[in-house]
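>>> structure of the sequence below:
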Amino acid sequence: MRSCVLSVFLFHRGEGFSGLFLLAVASVTLNYVKEAEIKRINKELANIRSKFKGDKALDGYSKKKYVCKLLFIFLLGHDIDFGHMEAVNLLSSNRYTEKQIGYLFISVLVNSNSELIRLINNAIKNDLASRNPTFMGLALHCIASVGSREMAEAFAGEIPKVLVAGDTMDSVKQSAALCLLRLYRTSPDLVPMGDWTSRVVHLLNDQHLGVVTAATSLITTLAQKNPEEFKTSVSLAVSRLSRIVTSASTDLQDYTYYFVPAPWLSVKLLRLLQCYPPPEDPAVRGRLTECLETILNKAQEPPKSKKVQHSNAKNAVLFEAISLIIHHDSEPNLLVRACNQLGQFLQHRETNLRYLALESMCTLASSEFSHEAVKTHIETVINALKTERDVSVRQRAVDLLYAMCDRSNAPQIVAEMLSYLETADYSIREEIVLKVAILAEKYAVDYTWYVDTILNLIRIAGDYVSEEVWYRVIQIVINRDDVQGYAAKTVFEALQAPACHENLVKVGGYILGEFGNLIAGDPRSSPLIQFNLLHSKFHLCSVPTRALLLSTYIKFVNLFPEVKPTIQDVLRSDSQLRNADVELQQRAVEYLRLSTVASTDILATVLEEMPPFPERESSILAKLKKKKGPSTVTDLEDTKRERSVDVNGGPEPAPASTSAMSTPSPSADLLGLGAAPPAPAGPPPSSGGGGLLVDVFSDSASVVAPLAPGSEDNFARFVCKNNGGGLLFFNREMMCVKKWFLFLLGRMFIFYGNKTSTQFLNFTPTLICSDELQPNILGFITKPVDPTVEGGAQVQQVVNIECVSDFTEAPVLNIQFRYGGTFQNVSVQLPITLNKFFQPTEMASQDFFQRWKQLSNPQQEVQNIFKAKHPMDTEVTKAKIIGFGSALLEEVDPNPANFVGAGIIHTKTTQIGCLLRLEPNLQAQMYRLTLRTSKEAVSQRLCELLSAQF
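Presented below is the predicted three-dimensional model:
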């Protein structure tokens, strides 16, 4: 450190410093004894302070010398509390060396709260206005070095003028562009967008490549937040890039680095182009394709130099070009060529190149054009996983195997990842476990293979198997009848090992408690043997696992009456009834009492087999996304190849029922809808209103009335109100609703209020569905309301809903009652629309447009151009799109005025991915709404519903 500081000042020897000054600096630096150094510095500080306070005015040279000494002392780590005013005075000097030291001192020692900041700003303004390029450069460097908000407030409006002025020298333009970039990064709200933005874009055509490089850095940062302002830069960037990649190394001698023409500028231009989608102009697009092909061709040429700088510069441009190809994802030929080029790097001797190649191929694997090409390198990637010495490269190899996996190679990849798991670094084991579990579930054709894989996973890395993994295997076994016997047999055999991981005991206890009867016929796995095997693990497990095993024991009492005495003895033992843990003690007491007093029928009812779990998004996949972040290879791969959240045609959900064994799944029946009683059987009424799902009160219904006046307007207000309540109808009777929806399930609370002082008699609400709607939505009222509603009173009724498949009509609630001797018949539409079953889905820009292109068939898109019926307010529009149920994706559309959203419609039979794009035209007061889904009827219905909201 000392030698570095000394060298800085020796470097300035030719700039007016005397030998005595440098000797003094050297004497301080070479005092290695701390006490001697402090003594020497204190002496020097006292001398400088006396000079500044002396009566004799100091000349510019002396001020510069003493200020420089103060700066040097500060750099050595000592506090400086004077000399600031002298440094500010140096800024007004006309000598370069004096002004330079002044600016250097200000940049290092003066903070933004200093009282001198106004004087400093005035000096900087004078230098910027001087048109002296040297002084302007010093001022710009000082602004960028300080970079405070106060500096931005003072100069953010001035620097763009300097940048685009016609008489500004190239060196000053460079400094101005980088200074403005610094201020924008620290205080973006203070940098105004104005006329200068269109002029700064044309700096990409400047003859001076230094100016172009600085301007490209500035434009790239600005375009990320304001893409529409700088969209004209695309064609200019393509033109400049074309000139660079087609030029010889001798054409750009000043900017050629080891035979690579302007590599830094090329990389910056390629990054700028990644801020935008592929150019729409065919000529620009063709020229860009030629540039990218040229870069790929040059990568195949023999190196012009053996020095590492040449290969580094060449590869930097190549990898950035590949990133642009992946970003555009529109040229199959370029994607395949990029994949092949990266494949060559997989065996390169440079570790960094292997890492970058694996990382880029992970993204390429998500493209439908290059996925097959990536798969051809599977053996090389597996070999890297086995032989690579660098752990970060091995981790990227795991990511790539995960990304390239599909049904054709899943067994091979899962086997290799399991093999690697035994020796994998501890830091990445949990991630590998999650990926193996996801792949085994996603691509399992034979679920016996899935069970074997997960049990092997627990055996190899049990400590890293999270609860989500063993929860999921239990869900799948319960949901699939064809694998239950095999799973019971397999876990029984696995538990016979002398040492079993606790997670295996949990899985074994749960599965044998549910399906142990399927293997009880074999003498080798009789009920008593099963019990003894599980109980031999009991004392080695933690409290939660012991609690699960106690639940298994009481299940055995129901499944195998012959082992009931043995189990009761265990439950009756002091170690259970007097256990220090309250949970274990309570379970033991309750299970013992249950087994003693309950009849066989009651015991069978309470301890019946667990029902199938409703299918949700895999909790393992959710955990991996949380661990890796939203914009990962995981999300890209799932978006591309797995259109549905349902995994391998999973079983249909069924209502939950009571069971002594607690449900381990976070995807259990959260609303409790499964516990509702079934709809009462009975013949439907012969009314013209359609099929009756539930007739709550009477055996026959009167003719259903038409919809009440004004109810349709109220209905429309609920379309973009996903959860919550509101007024549905208002007359003599007041009807309010509160509703909650989660995936394919919903619950609606209907409140009937009597505003009058007279009773409503024979009050009968009836839920009605048309013949078309009846197969698509299942709704039932849980219990009838009192047939008499007193004046001023309010009653509540609950409606549970399950979406079976997509639908267009809404159910009708018909209410019949007598008021003052007059028969009243009112019908209103319940606000149950298809969008209520949306699950918002967050997507990155690349993922959104990739999925958008994949849903490009004419039958998948519905578009509507319509006149705005309400004021076009941005915040209101955002609120409506969020209320509609989809996720509002910020900074995805290149046009910031547009709104885009994504979500999944959940039904019992399938899940439907939905993308929407709303483009407002403020001048014309018009909207263009585009819906793309995998089902035409869904696109049409969602477009109708949402269009009516604007």
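
>>> CA only for contacts and neighbour counts going forward, please
Fine.

>>> and the pLDDT for R851?
At R851, the predicted lDDT confidence score is 84.

>>> so it, which of the three states?
helix (DSSP: H, G, I helix; E, B strand; the rest coil).

>>> assumed F763 was part of a strand.
Yes. Assessed by three-state DSSP, F763 belongs to a strand.

>>> quick one: it and N814 touch, right?
No. At 10.7 Å, F763 does not count as touching N814 under the criterion of Cα atoms under 8 Å.

>>> ok, these two, which is more surrounded?
Between F763 and N814, N814 has the larger neighbour count (other Cα atoms under 10 Å), namely 25 against 19.

>>> and the more buried one, what element?
If you go by DSSP states H and E, N814 is part of strand 812-819.

>>> one more: M748?
Going by DSSP H and E, M748 is part of strand 745-754.

>>> ok now that strand, how far from the chain's centre?
Centroid separation for strand 745-754 versus its chain: 35 Å, with Cα atoms, centre = their mean, to the nearest Å.

>>> in the sheet, who's paired with G903?
Counting by DSSP bridges, G903 is bridged to P840, C914.

>>> how near is it to R941?
For G903, the distance to R941 equals 15 Å [Cα to Cα, to the nearest Å].

>>> those two: which is more packed in?
Set side by side, G903 and R941 show more neighbours around G903, with 23 against 20, by other Cα under 10 Å.

>>> which pLDDT does the model give that one?
So, for G903, pLDDT stands at 88.

>>> also V238?
Value listed for V238 in the pLDDT field: 94.

>>> likewise for T907?
For T907, the pLDDT comes out at 83.

>>> repeat for S305
Per-residue pLDDT puts S305 at 87.

>>> which strands and helices sit next to the strand holding M748?
strand 733-742, strand 794-803 (3 or more Cα pairs under 8 Å, 6 or more residues apart in numbering; DSSP states H and E).

>>> partner strands of it, with direction?
Going by DSSP bridges, the partners of strand 745-754 are strand 733-742 (antiparallel), strand 794-803 (antiparallel).

>>> hey, least reliable of those strands by pLDDT?
strand 733-742 - the lowest mean pLDDT of the strands paired with strand 745-754, at a mean of 58.

>>> count the neighbours of L603 for me.
There are 19 residues near L603, going by other Cα under 10 Å.

>>> wait, it touches S595, no?
Yes. Counting by Cα under 8 Å, S595 is a contact partner of L603 at 7.5 Å.

>>> buried residues, the helix or strand that contains E150. List them.
For E150, the enclosing helix or strand under DSSP H and E is helix 149-155. For helix 149-155, the neighbour count (16 or more other Cα atoms under 10 Å) marks R149, E150, M151, A152, A154, F155 as buried.

>>> ok, those residues vs S466, which is closest?
Comparing those against S466 with Cα to Cα places R149 closest, at 46.9 Å.

>>> now that closest one: how far from I143?
When distance is defined by Cα to Cα, R149 is 10 Å away from I143.

>>> and for D873?
Note on D873: its distance to I143, by Cα to Cα, is 39 Å.

>>> so this protein: which segments form each domain?
Domain assignment for the chain by the TED database gives 1-109, 481-611, 711-832, 835-948.

>>> and the longest one, how far apart are its ends?
So that's domain 481-611. End residues of domain 481-611 are separated by 11 Å (Cα to Cα).

>>> which helix or strand contains the nearest residue to Q274 once chain neighbours are set aside?
Computed as Cα to Cα, 6 or more residues apart in numbering, the closest residue to Q274 that is not its neighbour in sequence is L324, at 5.7 Å. Secondary-structure assignment from DSSP H and E places L324 in helix 308-328.

>>> mind checking how far that helix is from the chain centre?
Remark: helix 308-328 is offset 27 Å from the chain centroid, using Cα atoms, centre = their mean.

>>> which strands and helices sit next to that helix?
Counting by 3+ Cα pairs under 8 Å, 6+ apart, helix 308-328 packs on strand 260-261, helix 263-273, helix 282-300, helix 332-345, helix 351-364.

>>> hmm, back to that, so which of D873 and I143 has more stuff around it?
For D873 versus I143, neighbours defined as other Cα under 10 Å are more numerous around I143 (25 against 10).

>>> identify the residue spatially nearest to that one, adjacent ones excluded.
Excluding the flanking residues, the one nearest I143 by Cα to Cα, 6+ apart is M151, at 6.4 Å.

>>> now that neighbour: how far from Q846?
Where Q846 is concerned, M151 sits at a distance of 36 Å (Cα to Cα).

>>> who's in contact with the nearest residue to V267 once chain neighbours are set aside?
Closest residue to V267 apart from its sequence neighbours, by Cα to Cα, 6+ apart: V317 at 5.5 Å. Contacts for V317 were tallied using Cα atoms under 8 Å, 6 or more residues apart in numbering; they are P263, S266, V267, I295.

>>> P192 against A156, yeah?
Yes. Taking contacts as Cα under 8 Å, P192 lies within contact range of A156: 7.4 Å.

>>> who has more neighbours, these two?
Neighbours per residue, other Cα under 10 Å: of P192 and A156, the larger number sits with A156, 21 against 13.

>>> surely that one meets L181?
No. Counting by Cα under 8 Å, L181 is not a contact partner of A156; they are 10.2 Å apart.

>>> now for the two: what residues contact both?
Shared contacts of A156 and L181 (Cα under 8 Å, 6+ apart): none.

>>> returning to that earlier point: just the CA atoms of the helix or strand just after the helix holding E150, as PDB, please.
Once the chain leaves helix 149-155, the next helix or strand it forms, by DSSP H and E, is helix 159-164. Output of helix 159-164 as PDB, limited to C-alpha atoms (Å, rounded to 0.1, in the frame of the first residue of the first chain):
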ATOM      1  CA  ILE A 159     -24.300  17.100 -19.000                       C
ATOM      2  CA  PRO A 160     -26.700  16.000 -21.800                       C
ATOM      3  CA  LYS A 161     -26.200  19.400 -23.500                       C
ATOM      4  CA  VAL A 162     -22.400  18.900 -23.400                       C
ATOM      5  CA  LEU A 163     -22.800  15.400 -24.800                       C
ATOM      6  CA  VAL A 164     -24.800  16.300 -27.800                       C
END
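
>>> could I get the average pLDDT for the helix or strand that comes right after helix 159-164?
Where DSSP H and E defines the elements, the next helix or strand beyond helix 159-164 is helix 170-186. In this model, helix 170-186 has a mean pLDDT of 92.
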